[in-house]
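[1] build me a model from this:
(one chain, ligands or ions: 2)
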Amino acid sequence: MSRVLLPGAVLDGRQVTLGVMGGGQLGRMFVHAAQAMGYATAVLDPDATSPAGLVSHHHFQTAYEDPQGLAQLAACSAAITTEFENVPAPALAILAATRTVAPAAAAVAIAQDRAQEKAHFDRCGVPCAPYAVIDSAAQLAAVPLDLLPGILKTARMGYDGKGQVRIATPQALQEAWQSLGGVACVLEKMLPLASECSVIVARGDDGAMVNFPVQHNLHHDGILAVTQVIDGLVAPALAAQLVTAARAIAEGVNYVGVLCVEFFVLQDGHWVVNEMAPRPHNSGHYTMDACDQSQFDLQVRTLAGLPLLQPRQHSPAIMLNLLGDLWFRADGKEASPPWDQVLALPGTHLHLYGKLSARKGRKMGHLNLIAATAAEVHANALQAAALLGIEAF
Ligand code: ATP
Ligand code: MG
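    Ligands and ions are numbered 1, 2, ... in the order given. Presented below is the predicted three-dimensional model:
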């Protein structure tokens with residue numbers, strides 16, 4: 001490969017630097033992985049206290065589309081990735097004029113728009129929930145009624161269940177579309193879910209692709225709460241189909257980088273793809289402690305043009321998402337969760353993102369648990385959940 005950025009290399013008298021658009025927790029964990037391999041790092045994020053900016057060698061505090069900020073990031077970085085799918089695709093295109101950018105703006109643009117994303121899934125031959133695109137009152141009026149009850153989702157800028165309204169009647173659909181500001185939306189049929197799964201793949205610019213095992217995810221209130229990756233939890237035949245589908249989706253956009261594809265498994269045993277995230281994903285955080293390479297290690301490798309090897313999970317794993325809610329006691333007062341008790345449980349790995357204040361629903365960190373057996377990891381995770389006030393699963 002022509003564009004290998006060897007770890008620790010010195011370019012123009014400086015340590016070779018990897019850049020990332022966005023300074024959230026995913027950027028922070030990318031920065032940690034890159035630094036562990038000897039790269040310097042640069043972050044572009046407007047927030048002076050962004051989780052990634054706080055730990056990076058360089059932090060450019062500008063808006064994502066600020067020409068000066070983008071020029072500084074490009075001048076400093078040999079290659080640039082993104083940690084957040086709402087980074088404007090045009091900003092990535094500007095960076096790509098002078099630097100390696102992975103994933104490419106075109107792939108990110110597809111993931112940013114639910115209508116384009118579903119069209120991409122159709123092109124790749126991967127089934128998704130029945131849906132209709134709504135971007136005018138006429139389209140709203142023409143919606144097939146067999147899509148109800150359904151979920152109206154804004155085509156752009158949704159995350160953690162935001163920008164979504166569940167609706168049962170044509171009247172409610174009208175009102176919901178207006179409440180979302182009459183913007184472009186996708187109406188999806190509400191499906192009877194048996195479970196939710198995700199698959200993370202990493203693909204290099206030479207087309208080499210590897211994947212992590214299938215993750216089994218539990219959501220509360222539209223936000224990921226628990227990920228379990230335990231042999232047998234997802235039937236092997238189903239897991240193989242989901243991996244094949246995720247790989248086809250990556251292949252279909254010539255994707256370079258780490259990609260997460262989310263799936264719904266239906267009560268009748270069929271499955272559909274839900275959406276894709278052009279970056280590492282919350283459901284892949286267990287890889288940091290349960291696999292021989294993490295999703296962030298693979299993000300570094302894809303960006304630097306280094307070899308990709310199929311990752312190996314060495315321990316059954318459960319990840320508990322740590323939302324800001326856990327920082328509030330029953331009396332409403334703010335207090336740190338009882339980490340001393342949680343960390344007394346075997347196989348616990350705490351990752352906090354350095355956020356200065358807790359808010360309900362805010363992702364403050366995650367707790368990975370690993371053990372020698374499925375029964376052990378499950379028992380320990382339930383104890384940790386009880387100590388933290390996370391609902392049992
Ligand atoms: P995130 O950023 O956490 O991935 P999001 O805002 O992109 O969330 P979705 O993944 O589209 O939102 O939906 C959030 C959750 O709502 C899903 O994980 C699922 O539990 C539920 N959901 C979404 N669409 C459907 C559907 N068509 N049928 C049944 N449940 C659904
Ligand atoms: Mg989702």
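[2] how close does the residue most central in space within the chain sit to residue 212?
    Among the residues of the chain, the one closest to the centroid is residue 281, at 2.5 Å (Cα atoms, centre = their mean). Counting by Cβ to Cβ, to the nearest Å, the gap from residue 281 to residue 212 is 10 Å. Where C-beta positions appear, they are placed from N, C-alpha and C, glycine not excepted.
[3] show me which residues of the stretch 251-393 of the chain sit near ligand 1.
    262, 274-275 (Cβ under 6 Å from any ligand atom).
[4] which one of those sits closest to residue 183?
    residue 275 (17.5 Å; Cβ to Cβ).
[5] three-state assignment of the nearest residue to the closest one once chain neighbours are set aside?
    Once flanking residues are discounted, residue 275 sits nearest to residue 262: 5.4 Å by Cβ to Cβ, 6 or more residues apart in numbering. Assigned by DSSP: H, G, I helix; E, B strand; the rest coil, the conformation of residue 262 is strand.
[6] and what of the one 10 residues further on?
    Reducing the assignment to helix, strand or coil with three-state DSSP, the entry for residue 272 is strand.
[7] what number of residues lie near it?
    Residue 272 has 19 neighbours, counted by other Cβ atoms under 10 Å.
[8] now residue 174
    For residue 174, using other Cβ under 10 Å, the count is 14.
[9] look up how far ligand 1 lies from it.
    Per Cβ to the nearest ligand atom, to the nearest Å, residue 174 is found 19 Å from ligand 1.
[10] just the CA trace of the helix or strand hosting that residue, in PDB.
    With secondary structure defined by DSSP states H and E, residue 174 is part of helix 170-179. Only the C-alpha atoms of helix 170-179 are listed here, as PDB (Å, rounded to 0.1, in the frame of the first residue of the first chain):
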ATOM      1  CA  PRO A 170     -53.100   9.200   9.800                       C
ATOM      2  CA  GLN A 171     -54.200  12.200  12.000                       C
ATOM      3  CA  ALA A 172     -51.300  11.600  14.400                       C
ATOM      4  CA  LEU A 173     -48.900  11.300  11.400                       C
ATOM      5  CA  GLN A 174     -50.000  14.800  10.300                       C
ATOM      6  CA  GLU A 175     -49.400  16.200  13.700                       C
ATOM      7  CA  ALA A 176     -46.100  14.400  14.200                       C
ATOM      8  CA  TRP A 177     -44.700  15.700  10.900                       C
ATOM      9  CA  GLN A 178     -45.700  19.200  11.800                       C
ATOM     10  CA  SER A 179     -44.200  18.800  15.300                       C
END
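[11] now do that helix: distance to the chain's middle.
    29 Å (Cα atoms, centre = their mean, to the nearest Å).
[12] show me the contact partners of that helix.
    The contact list for helix 170-179 (Cβ atoms under 8 Å, 6 or more residues apart in numbering) reads 134, 140, 143, 145, 148, 150, 152, 165, 167, 185, 187.
[13] tell me the residues of the stretch 51-200 of the chain that contact ligand 1?
    So far as Cβ under 6 Å from any ligand atom goes, the stretch 51-200 of the chain lies against ligand 1 at 129, 151, 153, 158-162, 188, 190-191, 193, 196.
[14] select only the buried ones of the residues you listed in ChimeraX?
    Selection of buried members from those for ChimeraX, criterion 16 or more other Cβ atoms under 10 Å:
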select :129,151,153,158,160,188,191,196
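[15] so which of the residues of the stretch 51-200 of the chain next to ligand 1 sit within strands?
    Per DSSP state E, strands hold the following members of these: 151, 153, 188, 193, 196.
[16] how near is residue 27 to residue 291?
    Where residue 291 is concerned, residue 27 sits at a distance of 20 Å (Cβ to Cβ).
[17] ok, the two, which is more surrounded?
    residue 27 (30 against 22).
[18] now that one: how far from ligand 1?
    If you go by Cβ to the nearest ligand atom, the gap between residue 27 and ligand 1 works out to 16 Å.
[19] and the helix holding residue 174, average pLDDT?
    In this model, helix 170-179 has an average pLDDT of 93.
[20] relative to strand 150-154, how tilted is it?
    10 degrees (axes from the mean of the first three to the mean of the last three Cα atoms, to 10 degrees).
[21] list the buried residues in helix 170-179.
    172-173, 176-177.
[22] now do stretch 244-253
    Applying 16+ other Cβ under 10 Å to stretch 244-253 flags 245-250, 252-253 as buried.
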